[in-house]
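okay, here's the prediction I keep looking at, along with the sequence it came from:
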Amino acid sequence: MTIPTDRPIYEGEIATYWFDENILVSLSKSPKRTVENISGNVVLVKKITNNTPVPLLIYLSDSPVPDKATRQFSTQQIPVIYSAMAMVSKPGLSKFIMNILFSLKPPPIPMKSFSDVQEAREWLLSLSK
């Protein structure tokens, strides 16, 4: 994945962001997620999106499994900043993450895993029709 050079880029501790049409794209970074860095990321995303939930296309990277408090906090924050989430990764990674975050109840927004970025983009765009 190449970060574009023709639009604003937003750097955070756990991800790099930019817009592609009406979709927020996230290139995930690998530090362990904590309540602190997730909180900072929520502030950053709200600033980028003008406090409006948007569809997210996220390129996942390997990172250590977060603790239970971070997983719970992350699950609560997802619908505050995103309207839907398409996760692009190598096979198995996004399913693993979804299983960790949503083992007891379904995700709070539409979420789907993909290995093909074009399929992920089309799915997100189909939700806004």
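The structure has been received and is ready for your questions.

what comes up buried for the helix or strand containing Asn37?
Assigned by DSSP states H and E, Asn37 falls within helix 35-48. For helix 35-48, burial by neighbour count (16 or more other CB atoms under 10 Å) applies to Val35, Asn37, Ile38, Asn41, Val42, Leu44, Val45, Ile48. (Glycine included, C-beta is placed from N, CA and C.)

shouldn't the first one be in contact with Ala69?
Read that as Val35. Yes: with contact defined as CB atoms under 8 Å, Val35 counts as touching Ala69 (5.8 Å).

quick check: beta-bridge partners of Val25?
Trp18, Leu57 (DSSP bridges).

run a quick check on it versus Ala15, I expect a contact.
No: using CB under 8 Å, Val25 is not in contact with Ala15; the gap is 9.6 Å.

just checking, Trp123 touches Asp116?
No: here Trp123 does not reach Asp116: they are 10.1 Å apart, not a contact under CB under 8 Å.
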